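A.B. asks: Fold the stuff below for me.
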Amino acid sequence: MKMPVRIGPVSGRTRSARRCWVPVSLAGAIALLTVLSPAQQAAAPIGGATRYSLREAVEEAWRKYPSVEAANAALRQAGSQIEAARDEYLPNAGIHLQLNHATRNNVLGATLPNQTLLPVSGFAATGPSARGVFGTAAGALLTWTAYDFGTRRAKVALAEAGRDESRARLDLVRYQLADEVADAWFRASAAAWAEEAAKASVARWKTAYDSTNVLVKTGLRPGADASRLRAELIRAETDALSAEERTQLALVEVARYLTTPEKRIELDADWVRKTAAALPEDGNAIPHPLLGLRRASIATLTADTVLTQREWLPKIALFSAISGRGSGARPNGEFRDGAAGLYPDTGNWAVGVGLTMDLFDLKRVRARKELREHRVEEARARETETSVALRTLIERARLSLATARAIQAKMPETLSAAQELLSRSEVRYRTGLGTITELAEAQRLLEQAEVDDALAKVGVWRAAYGLAAARGDLAAFLEKTP
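C.D. replies: Below is the predicted model:
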């Protein structure tokens with residue numbers, strides 16, 4: 001089963017199960033920052049380049065990479081949504097002031113709702129008049145939902161669940177990023193050591209070519225041998241150039257996660273060849289971040305279901321209002337002269353309680369609630385699926401680690417045998433007992449053995465990292481790295 005959480009390119013080489021997973025919980029990310037903070041230090045420039053260890057590269061990516069900032073922004077947005085949900089507990093207060101100069105003509109009878117006819121209040125006038133009077137109005141209305149049977153509380157709970165889900169998503173983004181950085185860092189390290197082996201091979205071929213030239217000039221060896229070695233030297237130089245390009249491309253990939261692909265960087269990776277791989281502990285109380293995100297999603301959907309259940313429940317509100325009106329028109333149809341109507345001179349107040357409820361909304365709420373319950377069931381099934389997939393990845397990672405360690409154990413013997421073969425081939429060639437083909441084959445075998453030896457050491461570290469990542473224990477693993 002393929003976990004849909006990888007980001008970035010995926011190479012075709014054999015990888016530990018880590019390459020299929022990718023994630024971490026916020027607890028793991030926070031723990032890692034807490035553990036590593038004393039060891040954090042700015043990467044020191046060396047020869048115009050900035051040098052990064054694995055931990056430094058991961059921490060730098062966490063600080064700068066856009067996906068982390070985007071997830072942080074989503075978390076801040078979720079926090080603002082909680083405040084908005086809590087604000088619904090506050091009362092609503094509104095004021096209204098107006099002044100107009102208009103006629104006072106009015107007729108009895110009803111009109112349909114519209115936005116054109118003037119709403120003139122009062123008794124019907126005794127006769128129409130074009131004379132206008134001043135009118136004023138001022139008032140304030142305070143309303144507060146005193147009780148809503150838990151609807152507002154459910155909204156706050158939903159917003160808090162959304163914040164927790166955003167935190168889990170942030171943690172997953174950080175873990176994915178750490179996985180990408182570590183993979184690029186290990187690949188760049190392996191490419192650098194392959195480049196070293198290629199350059200060492202060039203030096204050996206050049207030595208063999210120079211010594212053979214001496215034998216050719218003295219007539220002890222045919223000129224074809226020198227031509228063969230010259231061709232092998234050119235091939236080795238070409239391979240070294242290709243290896244250097246692969247190293248630079250791998251370093252650019254690391255620098256991309258540090259948001260500085262145009263800058264030259266170096267890797268502090270000597271410890272990988274000198275230090276035994278840090279093996280993750282069997283016990284791990286931190287849930288995998290992908291599981292954490294699945295559970296947070298379930299909590300959000302459950303909170304949404306609870307809120308839906310309460311939508312149709314009644315709401316009890318308290319009202320308080322005060323208002324005043326003034327008019328230059330009298331109830332008997334007469335006009336008041338002077339400043340009459342320029343200020344409110346007739347006041348009113350009111351207090352009350354109201355209950356609102358849509359009796360026919362229950363059926364619609366039941367349908368929406370049923371829909372959300374099905375979504376919760378789907379989310380729980382996905383959580384179970386994720387749990388099974390992660391356990392499978394852990395077992396695969398264990399097998400990959402065991403294989404990588406077994407391969408590394410054979411490398412010293414392989415390297416020693418290749419070195420011995422080259423030494424004997426050189427002696428045989430100088431004494432005339434061996435051929436140039438034997439010498440060339442021995443050179444190639446030693447070059448391959450040196451590359452395999454470096455890659456085997458990296459392979460154990462990568463496999464150990466894959467197992468820690470599959471367990472969701474990245475913080476503890478990086479703590480053990482130099």
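A.B. asks: Could you check how many residues crowd around residue 397?
C.D. replies: 27 (other Cβ atoms under 10 Å). For every residue, glycine as well, the C-beta is placed using N, CA and C.
A.B. asks: Helix or strand: which one has it?
C.D. replies: According to DSSP states H and E, residue 397 maps onto helix 361-430.
A.B. asks: Does anything pack onto that helix? Which helices or strands?
C.D. replies: If you count contacts as 3 or more Cβ pairs under 8 Å, 6 or more residues apart in numbering; DSSP states H and E, helix 361-430 packs onto helix 151-217, helix 289-310, helix 436-471.
A.B. asks: let's see 6 Å
C.D. replies: In terms of contacts (3 or more Cβ pairs under 6 Å, 6 or more residues apart in numbering; DSSP states H and E), helix 361-430 is packed against helix 289-310, helix 436-471.
A.B. asks: Turn these into CSV, columns for mean pLDDT, distance to residue 215 and mean neighbour count.
C.D. replies: Shown next, in CSV, are the helices and strands packed on helix 361-430 (pLDDT from 0 to 100; distance: least, Cβ to Cβ, whole Å; neighbours: other Cβ atoms under 10 Å):
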stretch, mean pLDDT, distance to residue 215, mean neighbour count
helix 289-310, 92, 64, 22
helix 436-471, 86, 11, 22
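A.B. asks: got a markdown table for the ones you listed, with distance to residue 319 too?
C.D. replies: A markdown table is the format used below for the helices and strands packed on helix 361-430 (distance: least, Cβ to Cβ, whole Å):
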| stretch | distance to residue 319 |
| --- | --- |
| helix 289-310 | 22 |
| helix 436-471 | 59 |
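A.B. asks: between the ones you listed, which one is nearest to residue 57?
C.D. replies: Nearest of these to residue 57, taken as Cβ to Cβ: helix 436-471 at 13.0 Å.
A.B. asks: ok, now which ones touch the closest residue to residue 300 other than its chain neighbours?
C.D. replies: Take residue 300 and drop its neighbours on the chain: the residue closest to it by Cβ to Cβ, 6 or more residues apart in numbering is residue 161, 4.2 Å away. Residue 161 makes contacts with 299, 300, 303, as judged by Cβ atoms under 6 Å, 6 or more residues apart in numbering.
A.B. asks: If we use 8 Å, what do you get?
C.D. replies: With contact set as Cβ atoms under 8 Å, 6 or more residues apart in numbering, residue 161 has these partners: 296, 299, 300, 302, 303.
A.B. asks: What of residue 259?
C.D. replies: Residues in contact with residue 259 (Cβ under 8 Å, 6+ apart) are 64, 65, 66.
A.B. asks: Give the closest residue to the last one in space, chain neighbours not counted.
C.D. replies: What it means is residue 66. In space, and not counting its chain neighbours, residue 66 is closest to residue 259: 7.6 Å by Cβ to Cβ, 6+ apart.
A.B. asks: Then residue 337?
C.D. replies: residue 328 (7.7 Å).
A.B. asks: Near that neighbour, how many other residues are there?
C.D. replies: 22.
A.B. asks: Would you list the phi and psi of it?
C.D. replies: Torsion angles at residue 328 (phi, psi; degrees, to the nearest 10) stand at phi -90, psi 0.
A.B. asks: Distance of it relative to residue 127?
C.D. replies: 17 Å (Cβ to Cβ, to the nearest Å).
A.B. asks: what sits against the most centrally placed residue in the chain?
C.D. replies: Most central in the chain under Cα atoms, centre = their mean is residue 173, positioned 2.1 Å from the mean C-alpha point. Counting by Cβ under 8 Å, 6+ apart, residue 173 touches 67, 68, 70, 71.
A.B. asks: Find the residue ranges of the stretch 201-350 of the chain scoring beneath the pLDDT cut-off.
C.D. replies: Scanning the stretch 201-350 of the chain for pLDDT under 70 picks out 278-286.
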